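K.L.:
no sequence on hand, only this structure:
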């Protein structure tokens, strides 16, 4: 008897996503605005520098030429914005969507003397990433759905950085994996998702419009 009940429950779990898929809102295009977690790229690369070549952190030759090995510095983050995003996507299938996402963030930090903590100068860095993404939808109902996906693309970075007169202009690769996301709504929808990768720490939430 228990075996029959388990089999019936399993059948319902398998059939429900297929049955609910037909009830989901039919659309081809979606645009969305979102806000995400703290950008990671600044802190993991440009915001690590000392003048000692044997140090574990990134060494910048401009600092060595400017100060020699007498001044050791560290960078203290002052403030940063979250990651702001705009995404435009197209549904190839009900369960498959491709999109292009643009993200922007800005971070400010202080370059300090390691011996006394004195601020030597400040740095200001901005970046924009352009990331093609793929999403896979499942467990769809009339008003809700779950999804996962991934994206990869370049990030463009600029600003005043390592030394007072040394501007940062750089392009690096970034990637993002969304293991799980949740969307609610039909024509106007809200979403929340977990984000993993080398660009952003945390997740993203926002609002979208489907047509």
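P.N.:
Now that the structure is in, tell me what you want to look at. Quick caveat, the model's predicted, so the values are computed rather than measured.
K.L.:
CA atoms for contacts and neighbours, from now on please.
P.N.:
Fine.
K.L.:
could you give the number of residues near residue 81?
P.N.:
Using other Cα atoms under 10 Å, residue 81 has 16 other residues around it.
K.L.:
now do residue 172
P.N.:
Look at residue 172: counted by other Cα under 10 Å, it has 11 neighbours.
K.L.:
that one touches residue 155, doesn't it?
P.N.:
Yes: the pair residue 172 / residue 155 is scored as a contact, 5.3 Å apart, by Cα atoms under 8 Å.
K.L.:
partners of the host helix or strand of residue 177 in the sheet?
P.N.:
Residue 177 is part of strand 167-185, with elements assigned from DSSP states H and E. Its sheet considered, strand 167-185 pairs with strand 144-160 (antiparallel), strand 188-197 (antiparallel) by DSSP bridges.
K.L.:
as JSON lines, those strands with mean pLDDT, mean neighbour count and distance to residue 117 would be great.
P.N.:
Conversion of those to JSON lines gives the following (pLDDT from 0 to 100; neighbours: other Cα atoms under 10 Å; distance: least, Cα to Cα, whole Å):
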{"stretch": "strand 144-160", "mean pLDDT": "91", "mean neighbour count": "18", "distance to residue 117": "21"}
{"stretch": "strand 188-197", "mean pLDDT": "94", "mean neighbour count": "18", "distance to residue 117": "32"}
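K.L.:
between these, which gets nearest to residue 132?
P.N.:
Taking Cα to Cα, strand 144-160 is the member of the strands paired with strand 167-185 nearest to residue 132, at 5.5 Å.
K.L.:
contacts for the closest one, please.
P.N.:
Outside strand 144-160, the residues within contact range by Cα atoms under 8 Å, 6 or more residues apart in numbering are 24, 123-140, 166-185.
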